[in-house]
Structures are given as structure tokens and as C-alpha cells.
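J.: Structure for the following, please:
(2 chains)
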Amino acid sequence: MATGLAPAIEAELDLLLTGWAELHELPPRYAETIRLTVMQTDGGFDAAWWQELFAPVGQLLHRVSDDLAPLNGLQPLMTPSRTYLRWASMRP
Amino acid sequence: MPEIPACPAPIPGPEAEFAAWYDSQRMALHAYLLGKTGDADTALDLFQETFLRAWQHFALLQTFPPDRRRYWLFAVARNVTTDHHRRRAGEAGAVQTLGDRAARRPAEQPAPQELLERREQVLSLTAAINDLPDDWRTALVLQTLGGQSSAEIAALLGVPAGTVRYWIVRARKELAATLKLTPAGSTKGTTHAH
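T.: Just a heads-up that it's a prediction; the model follows:
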């Protein structure tokens, strides 16, 4: 950006402005503190927003429930298996 | 055994999205407010107030495209700055300037002569920046501290990019003259470009 100033003056001004910016920049740690302070307040999300957020989780739970439904018809664990019964019947 | 479906990718919550957006905007917003107010502590107060409003409306902001969301943020910043100026009107002398802040920053160690001279120059520069017309100062600080291009500053301030470049050139010339970086005989004369 040509200002019409001599290059040496431009360079000196750039150096000063860099020093000024370093002095006045918002330190990242302080910025983080402000962000955390801000986010401690109520964000004001409505019910629809939360419903949308958790909809995929609900769908997954339904799918898992449906997939596991056939397992309900399995024999109880304490019931002897057919393999055991066959082995038992072959014993002298 | 039925195959259990794979878990879907985790959905980023509003906190994560807000944090990322905050990080992407904070430098420019801080520079804008510092340029507008010329006061470091006030700029920080307004910075927090602006992002607080953004957080409270973030459910709505999430539906905006990035450009519009950014425009909304800086519109709020402009409003809170205007409100602040109204509140402070008539409270002459109560404003703590950038120079005051720079001056009270403690020297952590005894500074060498060169550092002291540099510090004095920065203090003089701070005072000179404070004396710039508002638009010039805001554009210059957005560029220097906020790292924004002329086009980005133009979009934020709602003026043509050429105007922003003109303001920055005038501001730099003014600073060079005030700090006597120009040949002897330069005087400080402000002419508003708007």
C-alpha cells in the first residue's frame, strides 16, 4: 500500500505499529477466560434444538432394540444345550 | 448374534461450535472495539458483552451462513459501542486511554536503554493513534491488530475497500508526521476524509 512516505519511514512505522500491536493484543489465555465466562450463561436453546441434537441417538437406540429383539426368544442359559443332551445320551 | 450398527459420528455440540467460531473472530472483534473506543479496558468490556449476546442467540446464529453470522456479530459490536458512548457522554475525563493502559503496564525487569526508548516511542504512538479520526483509527487497528485485509475491513465497516485503503494511508501519514518520522517541519493537521 503506497503512502508516499520514504521506505525507511514506512519500515520504522511498521516496527512501531508491530510493537504497539504486541502491547495491545488480547492474550490467548485471557481470551479463553472470557469465552468460558460467556459460556457459563444460559445459551437459551429451545426444546426443538435439543430434540434435533438427540434425534440420531434416539434412532440408534431404537435400531439396537429392534436388532436385539430376537435374542429374547433364546433359551435361558441354565437350560442344557442340545449338544450337552446328545453327549449325555451317549454316555454309558 | 445380530450385528450391532456402527455408532454415528459424534455431533459437535453448540459449545464446540461456539468455541471455534469465537477463536476465528476474536482478534478482529477485539481490534474493531479497540479502534472504535480507543480504550483498552472498555474494548474488553464490550468484547465480552458482544460475545455474551452472541452466545445467548447462538441457536439462531447456527442457522446463519458464516458471512451473515459475522455481519451479525459486528452489528452487535457497533450497537454496544454506540450504547457505551451514549452512557459515557458527559463523563469527560473518565475514559482511560490506551496510553494510560500502556503506561501502567509494569516493567517486569529493569529495561535496557534501548527498550526504554522503544517503550517511549510506543507510548507516543499510542497517543497519536488515539488522536486519529475514528474511522481512520478503526481501519488501522483492524489491519494492524486484527490482521484484517482492506476487503475484510470494508465488509465490516460497510464502506468500499478503496475508502479503507485511503483511511489507512492517511492514518499512517498522520502518525509519521506526529511522531516526527517525516522531515522536519511537518505539522499535525487532521482532515477528516468523510
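
J.: Can you tell me the closest non-neighbouring residue to residue B:173?
T.: In this structure, residue B:173 finds its nearest non-sequential neighbour in residue A:3, 5.8 Å apart by Cβ to Cβ, 6 or more residues apart in numbering or on different chains. Bear in mind the C-beta positions are built from the backbone N, C-alpha and C, glycine included.

J.: And the strands in chain A, which stretches?
T.: Counting by DSSP state E, chain A has no strands at all.

J.: related to what we said a few turns ago, how about the residue nearest to residue B:173, what does it touch?
T.: Shown in contact with residue A:3 (Cβ atoms under 8 Å, 6 or more residues apart in numbering or on different chains): A:10, B:169, B:172-173.

J.: residues touching residue A:86, list them.
T.: Per Cβ under 8 Å, 6+ apart, neighbours of residue A:86: none.

J.: Can you lay out the contacts of residue A:3 as a markdown table showing pLDDT?
T.: Shown next, in a markdown table, are the contacts of residue A:3 (pLDDT from 0 to 100):
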| residue | pLDDT |
| --- | --- |
| A:10 | 88 |
| B:169 | 95 |
| B:172 | 94 |
| B:173 | 93 |
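
J.: rewinding a little: state the pLDDT value of the residue nearest to residue B:173.
T.: pLDDT recorded at residue A:3 is 70.

J.: so where's chain A uncertain?
T.: Low-confidence segments of chain A, defined by pLDDT under 70: A:1-2, A:42-54, A:69-81, A:84, A:91-92.

J.: So which residues of it form helices?
T.: A:7-24, A:28-39, A:47-68, A:82-90 (DSSP state H).

J.: among those, which is nearest residue B:53?
T.: helix A:28-39 (9.3 Å; Cβ to Cβ).

J.: ok, the closest one near chain B or not?
T.: Yes - Helix A:28-39 comes into contact with chain B (Cβ under 8 Å from any Cβ of the partner chain), by way of A:31, A:34-35, A:37-39.

J.: Which secondary structure elements does that helix sit against?
T.: Helices and strands touching helix A:28-39, by 3 or more Cβ pairs under 8 Å, 6 or more residues apart in numbering or on different chains; DSSP states H and E, are helix B:14-37, helix B:40-56.
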